[in-house]
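A.B. asks: here is a sequence with its predicted model. Questions after.
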Amino acid sequence: MLASPPLSAWLADREAQRTTLDRSVAAHVAWRDQGAFAQLVARLDQAGGDRDGVVAIAMDVLDDVDLAHRYVADMLAHLAVDPFFTPPLRSIPGAIGQGIRLFDHPDLSVSLITIRVDSLAAKKRQDPNGRVIAFSGDLALRRMIRAGDATVHRFVAVPAGRDFRLASHPSCRPGISESLSDGDLFVVDGACESFTFAHARSAIVYLECTVLTGRAPFRVEYDAATFRPLAASSTDLAASRVQLMLSTLGALETPAVDLPLYDRLLVDTDFAVRWHTVRELMRVDPASAWPRLARLADDPHPDIAAAAARALHQREAA
């Protein structure tokens, strides 16, 4: 790829690059540590993870859509001065739209989302009914800045608790359809609700607050044709990171195995962590893994207990 003359000049000028970096950092700090975002952080910290408190704060954010306008306008002003300015915004790609993350906190995220009507129409032509219906597990509140005369179809399901079993979990079912107008508040509790955009007349723009505290333990996907559950994944970021790190340890093939670490994880409250732990231990130290797998044959989660019992039976039969 050939760099344009302005980019070539910027890449050759260390002082210009330093100026851009300083401007980008200053813009980030100004919004993070001063004004509305700083107040938002303080309020969320004071709420202490109380879900009702976080929802009330999210509603205040959605009632002040102008805050998002001011934030984006300020970033555009910086870009007008310096085209290489890097806004402190994370891109959110999507199948029919895209967005930017305006604010992140362990209990609440705020995003600005745009859906192009041509992308929505193209997706509907290629796959009219979609393949899966995803229930995110999160409570999402949306203020429709431009509703695009959109119609949405809702779906409802039984929430998936920590005792979730894919084989016996009930199917989801279609809910109501509704039309959206500019300024509407559109709320979806991802523990038991999902939705799809049926159609729209013009582009859709909305401000979205996702409440991350008190979320359901699983994100569940259902077959769009049969409505039966297809798959589930944990919404617990800490549990997901633990599983990733265990897999990394296994891939590194470290000679010394920290058995006390594995033993602690084998009694984790997340059943997926317990099962992943014994699987990864089996990779690095099978001799130590088998007696621990035998313990999981009495696991409180029936799927884990059954899988452990089957593995032990197969070993005995071999």
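C.D. replies: Thanks, I have it.
A.B. asks: got the buried residues for stretch 120-132?
C.D. replies: For stretch 120-132, the buried set under the neighbour-count rule, 16 or more other Cβ atoms under 10 Å, comprises Leu120, Lys124. For every residue, glycine as well, the C-beta is placed using N, CA and C.
A.B. asks: could you pick out the longest helix of this structure?
C.D. replies: The single longest helix within the chain, with elements called by DSSP state H, is helix 14-33.
A.B. asks: can you list the buried residues in the helix or strand just after that helix?
C.D. replies: Beyond helix 14-33 in the direction of the C-terminus, DSSP states H and E gives the next helix or strand as helix 35-47. Judged by neighbour count (16+ other Cβ under 10 Å), helix 35-47 contains these buried residues: Phe37, Leu40, Val41, Arg43, Leu44, Ala47.
A.B. asks: show me what the longest helix of the chain is packed against.
C.D. replies: helix 5-11, helix 35-47, helix 65-81 (3 or more Cβ pairs under 8 Å, 6 or more residues apart in numbering; DSSP states H and E).
A.B. asks: circling back: ok, which pair from the buried residues of helix 35-47 is furthest apart?
C.D. replies: Checking the buried residues of helix 35-47 against each other with Cβ to Cβ, the farthest-apart pair comes out as Phe37 and Ala47, at 15.5 Å.
A.B. asks: quick one: the helix or strand bottoming out on mean pLDDT in the chain to chain centroid distance?
C.D. replies: Each helix and strand of the chain was given a mean pLDDT (mean pLDDT, DSSP states H and E); the minimum falls on helix 117-126 at a mean of 79. Once both centres are worked out by Cα atoms, centre = their mean, to the nearest Å, helix 117-126 turns out to sit 24 Å from its chain's centre.
A.B. asks: need the helices and strands packed on helix 14-33 in JSON lines with mean pLDDT, can you?
C.D. replies: Shown next, in JSON lines, are the helices and strands packed on helix 14-33 (pLDDT from 0 to 100):
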{"stretch": "helix 5-11", "mean pLDDT": "86"}
{"stretch": "helix 35-47", "mean pLDDT": "92"}
{"stretch": "helix 65-81", "mean pLDDT": "91"}
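A.B. asks: let me have these in TSV, extended by distance to Arg279.
C.D. replies: Formatted as TSV, the entries for the helices and strands packed on helix 14-33 read as follows, by distance: least, Cβ to Cβ, whole Å:
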stretch	distance to Arg279
helix 5-11	47
helix 35-47	37
helix 65-81	44
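A.B. asks: select, out of those helices, the one closest to Gly214.
C.D. replies: Between Gly214 and the helices and strands packed on helix 14-33, the shortest gap by Cβ to Cβ is with helix 35-47, which sits at 11.5 Å.
A.B. asks: which residues does the closest one contact?
C.D. replies: Where contact means Cβ atoms under 8 Å, 6 or more residues apart in numbering, the residues beyond helix 35-47 that reach it are Trp31, Arg32, Gly53, Val54, Ile57, Val61, Asp64, Leu67, Phe103, His105, Asp107, Leu108.
A.B. asks: likewise for stretch 281-290?
C.D. replies: By Cβ under 8 Å, 6+ apart, the surrounding residues in contact with stretch 281-290 are Leu249, Gly250, Glu253, Thr254, Val257, Leu259, Tyr262, Val278, Arg292, Leu293, Leu312, Arg315.
A.B. asks: enumerate every residue touching Leu89.
C.D. replies: Residues in contact with Leu89, defined by Cβ under 8 Å, 6+ apart, are Met75, Ile100, Arg101, Leu102.
A.B. asks: sec struct for the second one, please.
C.D. replies: Under DSSP: H, G, I helix; E, B strand; the rest coil, the three-state class of Ile100 is strand.
A.B. asks: how many neighbours does it have?
C.D. replies: 18 (other Cβ atoms under 10 Å).
A.B. asks: bridging residues for it?
C.D. replies: When assigned by DSSP bridges, Ile100 has beta-bridge partners Ser91, Leu112.
A.B. asks: pretty sure it sits against Pro93.
C.D. replies: No. Shown here, Ile100 and Pro93 do not form a contact pair, counting by Cβ atoms under 8 Å, at 10.7 Å.
A.B. asks: before we move on, back to that, out of the helices and strands packed on helix 14-33, flag the one nearest Ser119.
C.D. replies: For Ser119, the closest of the helices and strands packed on helix 14-33 is helix 65-81, at 20.7 Å, according to Cβ to Cβ.
A.B. asks: what helices or strands is that closest one leaning on?
C.D. replies: Helix 65-81 is packed against helix 14-33, strand 97-105, strand 108-115, with contacts defined by 3+ Cβ pairs under 8 Å, 6+ apart.
A.B. asks: return the most buried member of these.
C.D. replies: strand 108-115 (a mean of 20; mean count of other Cβ atoms under 10 Å).
A.B. asks: mind putting the buried residues of helix 35-47 into a markdown table with distance to Pro5?
C.D. replies: Supplementary listing: these in a markdown table, determined by distance: Cβ to Cβ, whole Å:
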| residue | distance to Pro5 |
| --- | --- |
| Phe37 | 37 |
| Leu40 | 41 |
| Val41 | 42 |
| Arg43 | 47 |
| Leu44 | 45 |
| Ala47 | 51 |
